[in-house]
Each structure stands twice: as structure tokens, then as C-alpha cells.
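**Student:** Build me a model:
(one chain, ligands or ions: 1)
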Amino acid sequence: MPIYEFRCNECQRTSSFFVRTVNDPLNPVCASCGSSNVERCISSFAIHKSIKTIHEESGEPTMFPKNPDYYRDPRNIGRSTEKRLKELGVDMDSEEYRDTFAGVKETIAAAREGEMPKTLKDQL
Ligand SMILES: [Zn+2]
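**Tutor:** The predicted structure is shown next:
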């Protein structure tokens, strides 16, 4: 379950929100003062949870997309992962996240070369 953190521009406090999916409409207000003048920030915990979600949804055989051929094209695996990270406001190439996402980038690069992630290859 993704967790979003928002910092209030009025009182500078941080509030956490749980959402079921990243597509859930989100109208966060500050838990301390009720202001809607809040900015999203991402905690390391939220990133950790999100990477797990990304792996479950894009690389593991537990995901069953509507089009069963979608993940037979390994290029789509990298695409959905990058899209998800972009939605989270994460730049994999930035200095801050480069180390964190080194493995993810390797997997994407391998997929782009046409190499299926191991778990998926076994399933297919
Ligand atoms: Zn506030």
C-alpha cells in the first residue's frame, strides 16, 4: 500500500496518507492545521514500499495484466517501472537515487535487450 507524505506549507508539519493505488484521487489536508496548502514529499519508507509494489506489478509472475501478451514483450516491463517511478516523482538517474535503483535499472536494461527477468521466464 503506497504511503504518501505531505509537508504543510502553513505549519511545516508532515502528514502521512495511505492510498490503495497511485490512481486514487488524493485531496490531502494537513493533519495538524487542516490547510490544503501541502506539498508532496517522499519518505524512504514510502520508496521502499513502492519498489516492492513495482516488482510485484511489473516483474513478478503474480501480475496478470488484461492483455496476456503484454509482459511477453520484455520492453513493457521497463516501461511500466519507469512510469511508476515517474508518478512517484523519483528520478532514477539523480545522485540521490542512483544507488537505490541500480538493480532496477539493470533489470530494465536487460529487459530492453530482450532478456526476460528470471521469474517471468520460468513462468512463460
Ligand atoms: Zn499545517
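**Student:** CA only for contacts and neighbour counts going forward, please
**Tutor:** Fine.
**Student:** Could I get the full set of strands for the chain?
**Tutor:** 3-8, 14-18, 38-41 (DSSP state E).
**Student:** Please identify which of those is closest to the ion.
**Tutor:** Comparing the strands of the chain against the ion with Cα to the ion, the closest turns out to be strand 3-8 (4.6 Å).
**Student:** Give me the helices and strands touching the closest one, please.
**Tutor:** In this structure, strand 3-8 makes packing contacts with strand 14-18, strand 38-41, helix 44-54, judged by 3 or more Cα pairs under 8 Å, 6 or more residues apart in numbering; DSSP states H and E.
**Student:** can I see the domain layout of this structure?
**Tutor:** 3-41, 47-123 (automatic domain parsing).
**Student:** picking up where we left off before, quickly, which of the helices and strands packed on strand 3-8 bottoms out on average pLDDT?
**Tutor:** Comparing mean pLDDT over the helices and strands packed on strand 3-8, the weakest stretch is helix 44-54, at a mean of 55.
**Student:** and residue 94, what are its phi and psi?
**Tutor:** Backbone torsions for residue 94, taken as degrees, to the nearest 10, come to phi -70, psi 160.
**Student:** burial measure for it, as a count.
**Tutor:** 10 (other Cα atoms under 10 Å).
**Student:** Kindly report the same for residue 37.
**Tutor:** Residues contacting residue 37 under the criterion other Cα under 10 Å number 14.
**Student:** where does the closest residue to it other than its chain neighbours sit relative to residue 27, distance-wise?
**Tutor:** Beyond its immediate neighbours in the sequence, the residue positioned closest to residue 37 (Cα to Cα, 6 or more residues apart in numbering) is residue 9, lying 5.7 Å away. Here residue 9 is placed at a distance of 15 Å from residue 27 (Cα to Cα, to the nearest Å).
**Student:** Those two: which is more packed in?
**Tutor:** Set side by side, residue 9 and residue 27 show more neighbours around residue 9, with 14 against 8, by other Cα under 10 Å.
**Student:** Just the pLDDT at the more buried one, thanks.
**Tutor:** Looking at residue 9, its pLDDT stands at 92.
**Student:** can you pull out the helices in the chain?
**Tutor:** Using DSSP state H, the helices of the chain run over residues 44-54, 74-87, 102-112, 118-123.
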